[in-house]
Every structure is written in C-alpha cells, then in structure tokens.
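Visitor: Here is the input, now give the coordinates:
(2 chains)
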Amino acid sequence: MEINKQISGPVIRTAGLTRHFTRNKQTIEAVRGLDLEVGAGELVAFLGPNGAGKSTTLRMLTTLLEPTSGTATVAGFDVVRERAAVRRSIGYVGQGNAAGHQFRGRDEVMAQARAHGLSRRDARARTEELLEAFDLTEHADRPVAQLSGGQRRRLDVAIGLVQEPPILFLDEPSTGLDPQNRVNLQDQVRRLNADLGTTIVLTTHYLEEADALAGRVIVIDHGQVIADDSASALKSALGDLVALDFASTDAARAAAERADRVAGAQVVLTGTHVELRAAFGRDAAPGLVADLAAAGTPATRIEVVGPTLDDVFLHLTGRSLRETPSTPTEGAAA
Amino acid sequence: MTIEIDLPVTTTPTLVRRTAVQGRAVGVLADIGNVLLRELQPVLRQPASVLFAMVQPLVFLGLFAPLLPTTEDGSALQWFVPGIVAMTALMSASFTGANLSEEIVSGSFERLLVSPVRRSSLMIGKALREMVPLVLQTLVIVAVVTPFAFDLHVAGVLLGILVLVPFSVGLGALSLALAIAAKEQAWIFWTVQQTVIFPLLLLAGVLLPLDGAPAWLRFLSDLNPLSYLVETERALFAGSYDLGTLASGFAASLVVGVLGLWAGVRRMNRAS
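Guide: From the prediction side, this is the model:
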C-alpha cells in the first residue's frame, strides 16, 4: 500500500492518551496521559504486568476503544476521526484467535484479503503464499477448532499480515505457545521487521521476549510509561546474578574479595555462598571462575541468572510484581 | 560422549511478497457481499448444520400434529404447518446471535472490528445470512409433510418464504445486537432470547388458535408482528392470495426487518 511511503517521522504518536473504565461505580484509570512516539520501522515492545494498561493502549491505537481524553495518530490518521483509514493501514493480532473456530483457515485468510479489497485472484494467491509461509497449507481445510494452539496462532498472524500492513500490532502474541512455537513466531516477527520494514508494536509480560525481539522496550505500569529504553540498557542497569558455592567459608571469603573487583559488582557473602550482581555478569563469570581456580579457591557450583521482569520492575518501582495487586482492568476491557 | 548439534538454520520462507498486495477501496455492496459470503461458508461446507436448529420444530410437528382435531375446512396439518414454518424462522433467526457470541469469545469478531469492513456492512451481511436457513428449513418442512394430509401450493410456499425474509433478517439483526450487548456473558443472551421468543410464539397462535382467547390476550396478540405473519402464511400455504392478508403480513415483516437492522447497525457501530 502506498500509505507506507508517505510517512516520514513517527508513524504512531500519542499525546495525553487516557482511558478510564467505570466498574461498579468505581473509576479505573487504565491508561493515564500517555505521550509516545514510534518511528517508522521500529520494533517496540510494551512490557508490564497484567492490568498495567498495555492492551488498553493497543486497543485505543487500533480503534477498538475510544480514548477518554488525549489524542493518538496511527500512520498519520486520527484514531477517532479517521478510523477507517487507520484500519486500512494496520494489521492486528489480538489476544484471541483471528480465525473463527467454525470456519476453515483458508476461507478466513481469503475473507480477510477480500475485506482489504484484494481482487479475487490476488486474494487467492496471497492466501496460498501466507499459508505456505506459516507452514499451514496442509491444515488449511480443517475447521479452525481442530487445529493445535500453535497452528491457530500462526493462522492469526497470517490473517494479520494479509494486506502487508505498514504497521502491525500484536497483543500478547506468544501467550499459550510452547517454546518451539514461541521461537518460530519471534523469528517471523523479526524478519517482518527486518525484511519489509514493518513497524511492529507488541505487548508482552515476558522480559525475555521483549529482550529477544524488540529494539525498544516501553515499560508500562499503572497506565503510565515508567521506562523507555533498549532491552539491553534496561538489563544492564540491573545486571545478572552470579551465584557461587565453595567448599569452605575461607574459600568463599577469598572469592568474595576477588569478585568485588568485577566492575560495578555488588557482592553478598553468606557462609559458603557468594552472590554478585553486575552488569554483563554472565560475560564476567567464566573469567572469574578460572581466576578463582588458579588462586586455589575453586568454586564447587555456579549459577548465572539473568534479570527478570520482576527485577526490572523492582528496580524501577521499588516493589515486586508479586506484591502488585492484580487489577481486573485489562481482562475486563478485553 | 558428545553430541554435536548444528546451529539452527531457519527454514521458514521469507515473507517478502511475491504477490502484489494491491488493495482497492471496497464498495458498500461488495463489503456486504464479502461478509455474507464468509457467513455462509460454514453452511456451504456443512449444509447439515442448518438442520440442527430445526430439531425443535420437527419434534413439535411430529408430537403435536397428531393431537390436532380434524376440522371441516381442510386438514389440521394444513393449518399447523405454516405456523411451524414461522416458528422455525423465529427460532433460527433468534439463535443466530449465539454464533456471534462464540466469535466474540474466541476473538474473530475483534479481528473483523479492526478490519476495514464497514460496521453497517458487518451487521447487514451477518443478518442477511438468515435467508439461507429460512429457505432450506422451509423446504425441508414442506418436503416432510407433503406425503401426509397436506395440500402443496408451490407458489404459496414460495411467496410465504419471501414474506418471511425481512422478518428473519430483522430478527437475526436483533439477535446479533443482543449478543454484542451481552458480550462475553453468554447467559444474558440466552436468558433474553428465551424470555422473548416464547411469548411471541404463543401469542401468535402458532400452536393453538386464539379464537376463544380472552380480550387481553387477543390485544397482546394484535401487538405481536408474528401474529400477522402466521395469518398470512396460513393463507398462502392454503393457496389463498388475498391481497389484504398478504399486505398485512408483509408489512409486519418489513417493520421487524427495518427496525431490527436499524437497531443492529446502531449497536454494531458502538461495538468494541
């Protein structure tokens, strides 16, 4: 579509974007005054706990929900006043299944292509192409209800890509997928961004996913942006946890002193157990272990743990995700 | 022993297009046509599915018709069958929201809402689908009863179907609107649907004639559009083409059709 080429600068822009819900006479501020810019060709992940406002934001950007106040433009079109143009410009993969369960996969991809104005012939060709790309050709004539979770999710993405949208929104794309399917999906998303320059915005509550995929991670909590950075920057601000065990307390003490020399490390010694947290700790760990062995205090056990969403969250908000009472906002809005 | 694993090589074909993806603006009629075609796919792929909605009318036909007294002006079946046809239309169209409920829960409705399909086209296309079960079900009922004491008037049956089309489409639209309003709470849909259709059915004199009914019941029956439709169907199925009866039935059907679509489109426009 030509819409693609006319855009320079940000393809998504929000100003004071706000959405309230009223539930049982209580006002829930799902999204509060969001100011965002996403440039053409970016791959952005909205990261946050359930109920943080990620999906509500996505639903406003995709015209499913009207903002309570504030504005948003997508592909240069206002999400309230120019809904039709926004809908033509975007692909959307929601939390549910795009393909109706009583339909057949091929029919659903075809129907979506026709809805986007492809001629019958182009629609048919595009359908076959997508079915093939997502390895669905042999399942395309079975009712969607009979497909596996992974097959259905691939079908959802195929349907979202039918018109080759310049902007693609994915809401929790990998929820419920097994690890293999998750990796495959992430691979497809990355290629779409790299090969076609598609701007991609996805929501996730897995830090690993945001890390593996997105160049830019926007952490959202209580309807507000609390961090907006690259995944590696978010993580290096926290560092990896390297846990070491030793044969004796003396060896552990000596090791703790040695570990203290790792740049920026915070070291905690507990008996024969040493923990250090440092940026790029996983890169420093092999050298440290070799040094300790050479110094005559070999480690008996080592464990390296990367930062989790919980750690990022704890660092940014001072509270753990587990302490966050889950608000029903997101679920109720979906 | 060491097992050496080759680094994974991605084998999925790239998504770079080979086909020109050249979407054009879709006109209103084409939009409605696309929605209607999609709706009909499960029916076309599995025509027997239409018959499931008819179990109840066929049970009524089988278990109720033998109880009917024989009258001097033609067989009881002749009187009973047109009512059952109207009842089938009522049941089938009012059930249609259940399909939408399923689509709302599974997520495919959301995809349609974000697609470029006009909201009005989405409602009209989905409601127009009701024409197909109406035709198929009426033909099945007529085929089932024709070997018995039933005089077949082909023109009357066809006209009868035509008269029922706006009613079915309008009622289908109302059922869809109800499903959208009930959202993911399917019990709301069923409660309202059941509460509405049985009074409509009984007040239309489908199962028992209302001739001897008290005045208040007659009054309620007069307010029921289905009453006029059943009366018209009975005339048409008997091969009587009285213009007045035909007009009153068609007018009642049109009122339901127009109001149903209007309410349905309004609700669809606010769907999220």
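Visitor: Run through the residues that contact B:Ser272.
Guide: Applying C-beta atoms under 8 Å, 6 or more residues apart in numbering or on different chains to B:Ser272 gives the contacts A:Arg59, A:Leu64, A:Leu65, A:Glu66, B:Leu113. C-beta: built from backbone N, CA, C; applies to glycine.
Visitor: So which of those is the closest to A:Pro298?
Guide: Taking C-beta to C-beta as the measure, A:Pro298 sits nearest to A:Arg59 out of the contacts of B:Ser272, at 55.0 Å.
Visitor: unless I'm mixing things up, the closest one is touching A:Ala72, no?
Guide: No: with contacts defined as C-beta atoms under 8 Å, A:Arg59 does not count as touching A:Ala72, sitting 11.1 Å away.
Visitor: ok, the two, which is more surrounded?
Guide: Ranked by neighbour count (other C-beta atoms under 10 Å in any protein chain shown), A:Arg59 and A:Ala72 place A:Arg59 first, with 25 against 22.
Visitor: Quick check: which element contains that one?
Guide: helix A:54-61 (DSSP states H and E).
Visitor: ok, back up a step: got a winner among the contacts of B:Ser272 for most neighbours?
Guide: A:Arg59 (25 neighbours).
Visitor: And for that one, nearest residue in space, chain neighbours not counted?
Guide: Once flanking residues are discounted, A:Arg59 sits nearest to A:Leu65: 4.3 Å by C-beta to C-beta, 6 or more residues apart in numbering or on different chains.
Visitor: Repeat that for B:Ala25.
Guide: B:Ala25 sits nearest to A:Gly117 (C-beta to C-beta, 6+ apart), 6.1 Å away.
Visitor: what residues are up against the one you found?
Guide: B:Gly23, B:Arg24, B:Ala25, B:Val26, B:Pro116.
Visitor: And the residues you listed, which is the shakiest by pLDDT?
Guide: Least confident of the contacts of A:Gly117 in the model: B:Gly23, at 73.
Visitor: wait, what's in contact with the one residue in chain B that gets nearest to chain A?
Guide: Of all residues in chain B, B:Gly107 sits closest to chain A, at 1.8 Å by C-beta to the nearest C-beta. By C-beta under 8 Å, 6+ apart, the contact list for B:Gly107 reads A:Gly94, A:Gln95, A:Gly96, A:Asn97, A:Ala98, A:Asp156.
Visitor: so how far is A:Thr203 from the first one?
Guide: Yep, that's A:Gly94 we're talking about. From A:Gly94 across to A:Thr203, the span is 10 Å (C-beta to C-beta, to the nearest Å).
Visitor: Now list whatever residues contact both of these two.
Guide: A:Asp171.
Visitor: ok, back up a step: might you report the residue contacts of the residue nearest to A:Arg59?
Guide: A:Arg19, A:Thr56, A:Arg59, A:Ala333, B:Ser272.
Visitor: so who does the closest residue to the first one other than its chain neighbours touch?
Guide: Same thing as A:Arg19. Distance criterion C-beta to C-beta, 6+ apart; nearest residue to A:Arg19, sequence neighbours excluded, is A:Val31 at 4.5 Å. The contact partners of A:Val31, taken as C-beta under 8 Å, 6+ apart, are A:Leu17, A:Thr18, A:Arg19, A:Gly53, A:Thr56, A:Thr57, A:Met60, A:Pro67, A:Gly223.
Visitor: what about the last one, how many residues close to it?
Guide: This points to A:Gly223. A:Gly223, neighbours per other C-beta under 10 Å, totals 25.
Visitor: isn't it right next to A:Gly53, touching?
Guide: Yes: the criterion here is C-beta under 8 Å, and A:Gly223 meets it with A:Gly53 at 3.9 Å.
Visitor: Could you name every residue contacting both of the two?
Guide: Joint contacts of A:Gly223 and A:Gly53 (C-beta under 8 Å, 6+ apart) are A:Arg19, A:Ala30, A:Val31, A:Arg32, A:Leu34.
Visitor: Which members of those residues occur in strands, if any?
Guide: Counted as lying in strands by DSSP state E, out of the shared contacts of A:Gly223 and A:Gly53, are A:Arg19, A:Ala30, A:Val31, A:Arg32, A:Leu34.
Visitor: what's the closest of those residues to chain B?
Guide: Distances from chain B to those, taken by C-beta to the nearest C-beta, are shortest for A:Arg19, at 11.2 Å.
Visitor: Could I get the pLDDT score of that closest one?
Guide: 94.
Visitor: The residue nearest to A:Arg59: which element?
Guide: Judged by DSSP H and E, A:Leu65 forms part of no helix or strand.
Visitor: residues in contact with A:His101?
Guide: Contacts of A:His101 (C-beta under 8 Å, 6+ apart): A:Pro143, A:Val144, A:Ala145, B:Glu102, B:Ser106, B:Ser108.
Visitor: Would you confirm that the last one contacts A:Asn97?
Guide: Meaning B:Ser108. Yes: here B:Ser108 reaches A:Asn97: they are 6.3 Å apart, a contact under C-beta under 8 Å.
Visitor: Surely B:Gln41 and A:Phe103 touch.
Guide: Yes: between B:Gln41 and A:Phe103 there is a contact under C-beta under 8 Å: 6.0 Å.
Visitor: hey, what's in contact with both of the two?
Guide: What both B:Gln41 and A:Phe103 touch, as defined by C-beta under 8 Å, 6+ apart, is the set A:Ala111.
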